[in-house]
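>>> coordinates only, sequence not included:
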């Protein structure tokens, strides 16, 4: 073999070796990049999972609260305690609205939760479906309410019920919704089939026994809310009370039933003064025992703070009377109340000309 041919072969062999070396080097670089990427990804996922885990304990987590409900489907608690507290708050604070729990709380991760809610006007027909008119967002222990319809569900009407001590002191409010001849004539002109959503105030606070007797006399009336004589300290034109009408009731555990006796009252005909007082106290205690939930709700709705709630419970334990009632009543029964029961102060919220009206 000639020298030139030998040099050519050696050159080709060197080039092949170099290509193999480069290929091996590139392969090692790529494998290291892949390994590094996997490690970084695992680190990020681990940090995210760790932060998620820590967030579940640092921030409010509705799935970590005590179980008050007998859950036939699963032993796992699904955040229903928050829904009970929300429902109880709504029944204590809102004379005309109820919360219908038709959706479960959804976890969005990192201490964020979402609950689709239906706030129902008690004068309207309730459709049992998956519709909702607001969304409650819990973002790292802070709650906000997104209202779709602009209904102002948590707004309260000043002087809806007559605070006799306040009106006697300054004279204001007593004439605001006092029944006069014009109001009486307008009611009398309504069709016989008319239904009215009305708040009535008694001429003086009724005892619980007298209130129950009053309700039993009007068995065609739907009693929605009871206004006590425990008026708001921040705004004495707002009555404090509780709903007498439940949109839904949960099957409480035996422990919860012992802790909150008469938390539900199923039939107005079976109520006694002791049961009615205990009913109010148990619902107030439900809120007191769940301070985290209550503080979030009260701040988001700008309603009674926790210290005022404690004072209300303390006063209610010593006994209370009833200033008035929120009712759905037909025309004739309302006229009977005005003329025979000396009801002189009413706030008419809405009227339907027939029970069939939507």
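All right, it came through fine. Given the structure is predicted, the values throughout are model-derived calculations rather than measurements.
>>> Go ahead and confirm residue 257 touches residue 264.
No. With contact defined as C-beta atoms under 8 Å, residue 257 does not count as touching residue 264 (9.6 Å). In this view, the C-beta of every residue, glycine as well, is placed from N, C-alpha and C.
>>> low-scoring stretches of this protein, by residue?
Applying pLDDT under 70 to the chain flags the ranges 1-28, 43-57, 72-78, 167-173, 267-269.
>>> For residue 116, see how far away the residue nearest the centre of it is.
The residue lying closest to the centre of the chain (C-alpha atoms, centre = their mean) is residue 86, at 2.9 Å. From residue 86 across to residue 116, the span is 12 Å (C-beta to C-beta, to the nearest Å).
>>> now swap in residue 148 and tell me
According to C-beta to C-beta, residue 148 stands 10 Å off from residue 116.
>>> Check residue 263 too.
Per C-beta to C-beta, residue 263 is found 25 Å from residue 116.
>>> higher neighbour count, these two?
residue 263 (21 against 17; other C-beta atoms under 10 Å).
>>> so that one, which of the three states?
With DSSP: H, G, I helix; E, B strand; the rest coil as the basis, residue 263 sits in coil.
>>> for the closest residue to it other than its chain neighbours, helix, strand, or coil?
Of all residues not flanking residue 263 in the chain, residue 282 sits nearest, at 4.6 Å (C-beta to C-beta, 6 or more residues apart in numbering). Here residue 282 is helix, with the state taken from three-state DSSP.
>>> check contacts around residue 282.
The contact partners of residue 282, by C-beta atoms under 8 Å, 6 or more residues apart in numbering, come to 260, 261, 262, 263.
>>> quick one: which of these is nearest to residue 154?
Ranked by distance to residue 154 (C-beta to C-beta), the contacts of residue 282 are led by residue 263 at 22.4 Å.
>>> which residues in the stretch 251-358 of the chain form helices?
254-259, 273-288, 291-301, 306-317, 331-340 (DSSP state H, counting those that start in this stretch).
>>> In TSV: these, plus distance to residue 231.
Formatted as TSV, the helices of the stretch 251-358 of the chain follow (distance: least, C-beta to C-beta, whole Å):
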stretch	distance to residue 231
helix 254-259	28
helix 273-288	15
helix 291-301	18
helix 306-317	10
helix 331-340	23
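>>> who wins for proximity to residue 244 among the ones you listed?
Between residue 244 and these, the tightest spacing by C-beta to C-beta is seen for helix 273-288, at 8.9 Å.
>>> Mutual contacts of residue 148 and residue 116, please.
Counting by C-beta under 8 Å, 6+ apart, the residues touching both residue 148 and residue 116 are 134, 135.
>>> got the contact list for stretch 183-193?
196, 330, 331, 332, 334, 335, 338, 346, 351, 353, 354, 355.
>>> coming back round to it: in which helix or strand would I find the residue nearest to the centre of the chain?
Taking DSSP states H and E as the criterion, residue 86 maps to helix 80-93.
>>> can you check residue 135 too?
When elements are assigned from DSSP H and E, residue 135 belongs to strand 134-139.
>>> Show me what the helix or strand just after that strand is packed up against.
Under the assignment DSSP H and E, the closest C-terminal helix or strand after strand 134-139 is strand 142-147. Judged by 3 or more C-beta pairs under 8 Å, 6 or more residues apart in numbering; DSSP states H and E, strand 142-147 is in contact with strand 134-139, helix 291-301.
>>> Out of the ones you listed, which is closest to residue 220?
Nearest of the helices and strands packed on strand 142-147 (C-beta to C-beta): strand 134-139, 32.3 Å.
>>> and the closest one, which strands flank it?
Here strand 134-139 is paired, per DSSP bridges, with strand 112-121 (antiparallel), strand 142-147 (antiparallel).
>>> Out of these, which one sits most buried?
Each of the strands paired with strand 134-139 was scored by mean neighbour count; the highest is strand 112-121, a mean of 19, by mean count of other C-beta atoms under 10 Å.
>>> what ranges do the strands span in the stretch 151-300 of the chain?
For the stretch 151-300 of the chain, the strands defined by DSSP state E, counting those that start in this stretch cover 195-206, 222-228, 241-243.
>>> how about the first one: buried residues?
Right, the one you point to is strand 195-206. Within strand 195-206, the residues scored as buried using 16 or more other C-beta atoms under 10 Å are 195, 196, 197, 198, 199, 200, 201, 202, 205, 206.
>>> And that strand, what does it pack against?
strand 322-330, helix 331-340, strand 345-352.
>>> Specify the angle between the longest one and strand 195-206 in degrees.
The directions of helix 331-340 and strand 195-206 differ by 30 degrees, with axes from the mean of the first three to the mean of the last three C-alpha atoms, to 10 degrees as the criterion.
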